[in-house]
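**Q** Compute the structure for the input listed below.
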Amino acid sequence: EVQLVESGGGLVQAGGSLRLSCTASEVTFDNWAIGWFRQAPGKEREGVSCITRSSGRQYHSDSVKGRFTISSDNGKNTVYLQMNSLKPEDTAVYYCAAVIVCGSVYPVGSWGQGTQVTVFS
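**A** The predicted model follows:
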């Protein structure tokens, strides 16, 4: 089973930046796209950003486009989510997941613990 571990969340003032990391400990990412998702209290989980491993092509939701960047370090088997110009509405638990194709909301394997991002104004 593909298991990923998220890290890098924290408390940040609006306008600030955070970089989240997603690391696979047991398997490589080679066969999957990697997506970042988030879930705010009382809301459904939503896709935020995704990267296709084979092409490196990025996808972002409209709410984060221009502010978030997703990248992949193949040597470290890690995918990063660089979040700039953070807003209070970005506050959520962030999850990464391997998916068959960007746009899918169904992970290959189970959801991880996530990492909390809190943006205060």
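
**Q** Is the residue most central in space within the chain part of a helix or strand, or is it coil?
**A** In the chain, the centroid-proximal residue (CA atoms, centre = their mean) is W36; its distance is 2.5 Å. Secondary structure assignment for W36 (DSSP: H, G, I helix; E, B strand; the rest coil): strand.

**Q** Q82 is in contact with that one, correct?
**A** No - counting by CB atoms under 8 Å, W36 stays clear of Q82, with 10.7 Å between them. No exception for glycine: its C-beta is placed from N, CA and C like everyone else's.

**Q** Give me the common contacts of those two.
**A** I70 (CB atoms under 8 Å, 6 or more residues apart in numbering).

**Q** thinking again about what came up before, beta partners for the residue nearest to the centre of the chain?
**A** Under the criterion DSSP bridges, W36 forms beta bridges with S49, C96.

**Q** and it, how far is that from T91?
**A** Between W36 and T91 the computed distance is 15 Å (CB to CB, to the nearest Å).

**Q** Are we agreed that G75 is in a helix?
**A** Yes - when three-state DSSP is applied, G75 is found to be in a helix.

**Q** count of neighbours near it?
**A** Using other CB atoms under 10 Å, G75 is surrounded by 6 other residues.

**Q** hmm, back to that, who are the contact partners of the residue nearest to the centre of the chain?
**A** Contacts here follow CB under 8 Å, 6+ apart; on that basis W36 touches 20, 22, 47-50, 70, 79, 81, 94-96.
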